[in-house]
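# just the structure for this:
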Amino acid sequence: MAFPVRRSVVVAAVINPPAVGAGLVEADFRLTGANGFGDGQNHYAHSMAVFEGRVYVGTTRAIIPAHKWNQMRPDIRPWPVDSPDFIYDIPRQAEIWCFDPAVDQWARVYQAPLVPANKGRMQVPRYIGYRGIGVFQGASDHKPCLYVSTWAPQLTDPPDILRSEDGRHFAPAARPPFSPAVRSFRTLQVFQGRVHTTPTSSSQGARKISDSIGSDSTIYATDDIQSADWQAANEEGFGNKANATIFEMEEFNGHLYAATVNPKTGFELWKTPGGTLPYRWTRVLHRGAGRGIFNEVGVSLCVFRGALYVGTGVLNGGFHRATGIGPAAAELLRVWPDDRWELVMGESRVTEDGLRYPLSGYGPGFEKLFNGYVWRMVVHDGVLYAGTFSWGQNLAYLPLHTWPPDVMALLDQWGRDWLTVNRGGSEVWRSADGEHWQPVTRNAFGNRFNWGIRNFASTPHGLFVATANPYGPTIAQQQVEGDWDYIENPRGGCEIWLGRAGGWA
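Next up is the predicted model:
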């Protein structure tokens, strides 16, 4: 197993001290939605959008039990969350929640129905998650509508895209004519009057190695979701079979940009000016921007001050077991309209484009090995915010005897219990100029079970921050005598935080 850079992997060693600038601090945030909206099985606030003045969140349920059921199981003992041997013993009907600023509260507006399984008489959830929410007005829509990409379990039909005109009533649009192996879709990205999406999570074949890998690496586009007239926008994998999935998209400088998953040589970034389908594409980055497979995927894209910021990572939270990549911490890159690129946060190196060093002074993961992704970014009130995924909370369950001695020495120096409690959760960082960065929270707003910052939404009411938190409704905890028991965890399940300048005093 290859391991990445050996640096101060746990705490920040600031080489270039960040300048004091504008932006929110941790004290400016308050908790608006807790404990999975009262249900600890709502693990991920997987998608978020603003529609007609309200904020919508789509959940994905029972993530850690699903990993135990579906995927190659790591040598984890005990399993972090009490998980039945049969995944369908858990209620997994995904939900959509709405925050109405007029009443300052969340309300559930949709729950996936139960449907007969394709085989047998069992009832199963029609959808177990909602990975994307977007606002789009297609050719058949008389107004902008809210569209939701779904995640369907293996025992039911392929996934749909839900449509709502009012944010209260949801119904499936015509199903995209993708392979039946497709189990979910990603981002719903609008560009030049079309909406674009990518399949992910395959139920069969060699690509069934991750819920982040699809049956094909193609972007599909349509100007009318209701008609299901989807057309390919690119050659599969941009002509590179190692590009396993198109992971993320963003519009920048009149182009659509797309980042891939590539476990062979590292992620690639492509751009197109659009036009007639399929589009003409130009490659901007390859080989993980010179870092190779330790930048396996371009996870997040965000436009800020005339540049495109690219957050990287390794699948499965920084350690892609199926391909033997990692553990490795994430990087943050900056791409200019003329395709020049800079390393904002990450590992210094000589690339085919020349020497690259972190302009921020921070090494990979903002100097924390646990930060396996820069998962989401957003611009709010002129400040760029970046949220991470951190696997540090899992230290108590991991087989650390397999790790290299130098990494173990660092963990032992700080103490695993201290690291889990104080550095186990995800982080939010902010920058007023893209180069000088300051932490907003280093411990997931005081809840180490928030292992990821899954979504942001910038609104006139403040900055919404939605987490991924799969440690509910119970968690394995070691007792004084050394045995492990499952106990109730009131801090399990996704959370929604709202920050505004000046706080809430």
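# dump the helix or strand that contains residue 375 to CSV, restricted to CA.
For residue 375, the element it lies in under DSSP states H and E is strand 371-380. Output of strand 371-380 as CSV, limited to C-alpha atoms (Å, rounded to 0.1, in the frame of the first residue of the first chain):
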residue,chain,number,x,y,z
ASN,A,371,-9.4,15.7,5.5
GLY,A,372,-9.9,13.4,2.5
TYR,A,373,-12.0,15.8,0.4
VAL,A,374,-12.6,19.4,-0.1
TRP,A,375,-16.2,18.4,-0.4
ARG,A,376,-18.0,21.7,-1.1
MET,A,377,-17.3,25.3,-1.6
VAL,A,378,-19.5,28.5,-1.8
VAL,A,379,-19.1,32.2,-2.1
HIS,A,380,-21.1,34.2,0.5
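# what angle separates the helix or strand following that strand from strand 371-380?
On the C-terminal side of strand 371-380, the closest following helix or strand by DSSP H and E is strand 383-390. Relative orientation of strand 383-390 and strand 371-380, computed by axes from the mean of the first three to the mean of the last three CA atoms, to 10 degrees: 160 degrees.
# what mean pLDDT does whichever helix or strand comes after strand 383-390 have?
Proceeding N to C from strand 383-390, the next assigned helix or strand is helix 405-414, under DSSP H and E. Mean pLDDT, helix 405-414: 77.
# helices or strands next to helix 405-414 in the packing?
The contact analysis (3 or more CB pairs under 8 Å, 6 or more residues apart in numbering; DSSP states H and E) places helix 405-414 against no helix or strand. For the C-beta atoms, the positions are set from N, CA and C on the backbone; glycine is no exception.
# tell me the mean pLDDT for the strand holding residue 375?
97.
# would you agree residue 223 is in contact with residue 193?
Yes. Assessed by CB atoms under 8 Å, residue 223 is found in contact with residue 193 at 5.5 Å.
# what helices or strands is the strand holding residue 375 leaning on?
strand 297-304, strand 307-313, helix 315-318, helix 364-367, strand 383-390, strand 452-459.
# and these as JSON lines, adding distance to residue 172 and mean neighbour count?
Shown next, in JSON lines, are these (distance: least, CB to CB, whole Å; neighbours: other CB atoms under 10 Å):
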{"stretch": "strand 297-304", "distance to residue 172": "28", "mean neighbour count": "24"}
{"stretch": "strand 307-313", "distance to residue 172": "32", "mean neighbour count": "26"}
{"stretch": "helix 315-318", "distance to residue 172": "29", "mean neighbour count": "25"}
{"stretch": "helix 364-367", "distance to residue 172": "40", "mean neighbour count": "26"}
{"stretch": "strand 383-390", "distance to residue 172": "30", "mean neighbour count": "26"}
{"stretch": "strand 452-459", "distance to residue 172": "23", "mean neighbour count": "23"}
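# weakest of these in terms of mean pLDDT?
helix 315-318 (a mean of 88).
# whichever helix or strand comes after that helix pairs with which strands?
Following helix 315-318 in sequence order, the next helix or strand is strand 332-335 (DSSP H and E). Using DSSP bridges, the strands paired with strand 332-335 are strand 307-313 (antiparallel), strand 341-345 (antiparallel).
# outside of strand 332-335, which residues touch it?
For strand 332-335, contacts defined as CB atoms under 8 Å, 6 or more residues apart in numbering pick out 269, 284-285, 289, 307-312, 341-346, 359-360, 374, 386, 434.
# poorly predicted segments of the stretch 1-150 of the chain, please.
1-21, 70-75 (pLDDT under 70).
# what about stretch 259-271, start to end distance?
End-to-end distance of stretch 259-271 (CA to CA, to the nearest Å): 9 Å.
# counting neighbours, which bits of that stretch end up buried?
259, 260, 261, 262, 263, 265, 266, 267, 268, 269, 270, 271 (16 or more other CB atoms under 10 Å).
# ok so, going back, give the buried residues for the strand holding residue 375.
371, 372, 373, 374, 375, 376, 377, 378, 379, 380.
# just stretch 271-290 next, same as before
271-272, 274, 277, 279, 281, 284-290.
# return the member of those nearest to residue 415.
The closest of the buried residues of stretch 271-290 to residue 415 turns out to be residue 288 (CB to CB; 32.6 Å).
# what sits against the nearest residue to that closest one once chain neighbours are set aside?
Closest residue to residue 288 apart from its sequence neighbours, by CB to CB, 6 or more residues apart in numbering: residue 266 at 2.3 Å. Neighbouring residues of residue 266 by CB under 8 Å, 6+ apart: 286, 287, 288, 289, 291, 292, 293, 294, 295, 296.
# out of the residues you listed, which one sits closest to residue 422?
Using CB to CB, the contacts of residue 266 come closest to residue 422 at residue 294, 25.6 Å.
# next up, phi/psi of the closest one, please.
phi -70, psi -10 (degrees, to the nearest 10).
# and the pLDDT at it?
97.
# now do it against residue 413, distance only.
As judged by CB to CB, to the nearest Å, residue 294 and residue 413 stand 23 Å apart.
# between those two, which has more neighbouring residues?
residue 294 (25 against 9; other CB atoms under 10 Å).
# the more buried one: what's it in contact with?
If you count contacts by CB under 8 Å, 6+ apart, then residue 294 has 4, 266, 288, 314, 325, 326, 328, 347, 364 around it.
# what's the local residue count around the nearest residue to the last one once chain neighbours are set aside?
So that's residue 364. Excluding the flanking residues, the one nearest residue 364 by CB to CB, 6+ apart is residue 329, at 3.6 Å. Other residues near residue 329 come to 31 when the count uses other CB under 10 Å.
# wait, residue 329 sits on residue 368?
Yes. Under the criterion of CB under 8 Å, residue 329 makes contact with residue 368 at 6.6 Å.
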